[in-house]
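Sharing a model that was predicted from the sequence below.
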Amino acid sequence: MRTVDWTAMRERAGETGPEGLRERKKRLMRQQLSDTATGMFMERGFDGVRVSEIAEACGVSEKTVFNYFPTKEALILDRWQATTESLRTGLAEPGSTPVEAALRILDEELGGMTAWLDAQEDPVQAGVLVKRFGALMRSTPSLRAHQHDATDRLIAAAAEALARRAGLEPDDPEPRIAATALLELWRIQFQSLGRHLDGSRTPAQVREAVTADVRRAARLIDTGLRTFGG
């Protein structure tokens, strides 16, 4: 079962130029490495798999794996790069409030996930695997630490973008708290996704239920952030 191809999602959204043959080969290799690693981690646990084994399974060298992914953790937690790029772009748009920009990005990411679920032969079983993936994340200290660091980098990127639009410094209290509040919406979306993947809903119904939860949370912070930076 293939993992979600976040790189392809960015390209379909028009965030990069036309994909040439070389770029396509690189993207497919990244996807193969991520798919293979994810399957092995799910079967044997994150700490029970060596990077050299992933490389061997893909027919490449261990150095090649690290050319695509800087760390072992990044093999399954690389999507944050796409979120960071989207945040920098979205929060810089003067016609959208910070919450509106965040909700748009969240909806695109959720749409990619539910479209992936819908494309599987057995969406219910795919949902079970997504929940198992979440359990793997929670039970592996190195993955939790990697995700924590990634979240800190996201907050820093969002704070920089918000400070720029408000004429403040990124370390000022207002952009820092605004960025932290916005990034909590991602946590709400992940938790809601796990809760609603209960086997009784179609992918479209899961998307509707998760979107409703995220928008409920967003309403609580929208009033304060709506005035941020004009």
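Looks like it arrived, so ask away. Numbering: from 1, shown residues only.

which secondary structure elements does whichever helix in the chain runs longest contact?
The longest helix of the chain (DSSP state H) is helix 141-166. Helices and strands touching helix 141-166, by 3 or more C-beta pairs under 8 Å, 6 or more residues apart in numbering; DSSP states H and E, are helix 80-91, helix 123-139, helix 173-196. For the C-beta atoms, the positions are set from N, CA and C on the backbone; glycine is no exception.

so which of those gets nearest E43?
Each of the helices and strands packed on helix 141-166 has some distance to E43 by C-beta to C-beta; the shortest is helix 123-139, at 10.2 Å.

which other helices and strands contact that closest one?
Judged by 3+ C-beta pairs under 8 Å, 6+ apart, the packing partners of helix 123-139 are helix 21-44, helix 98-119, helix 141-166, helix 173-196.

Switch these over to TSV; also include distance to R132 and mean pLDDT.
Output for those, formatted as TSV (distance: least, C-beta to C-beta, whole Å; pLDDT from 0 to 100):
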stretch	distance to R132	mean pLDDT
helix 21-44	6	90
helix 98-119	14	92
helix 141-166	13	92
helix 173-196	10	94
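
picking up where we left off before, of the helices and strands packed on helix 141-166, which approaches M29 most closely?
Nearest to M29, of the helices and strands packed on helix 141-166 and by C-beta to C-beta, is helix 80-91 at 16.4 Å.

And the closest one, what's buried?
80, 82-84, 86-87, 90-91 (16 or more other C-beta atoms under 10 Å).

So which of the residues you listed sits lowest on pLDDT?
The weakest per-residue confidence within the buried residues of helix 80-91 falls on W80 (77).

so that residue makes contact with A157?
No - using C-beta atoms under 8 Å, W80 makes no contact with A157, being 9.9 Å away.

returning to that earlier point: for the helices and strands packed on helix 123-139, give me JSON lines that also has mean neighbour count and distance to A74.
Output for these, formatted as JSON lines (neighbours: other C-beta atoms under 10 Å; distance: least, C-beta to C-beta, whole Å):
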{"stretch": "helix 21-44", "mean neighbour count": "16", "distance to A74": "9"}
{"stretch": "helix 98-119", "mean neighbour count": "19", "distance to A74": "18"}
{"stretch": "helix 141-166", "mean neighbour count": "17", "distance to A74": "8"}
{"stretch": "helix 173-196", "mean neighbour count": "18", "distance to A74": "18"}
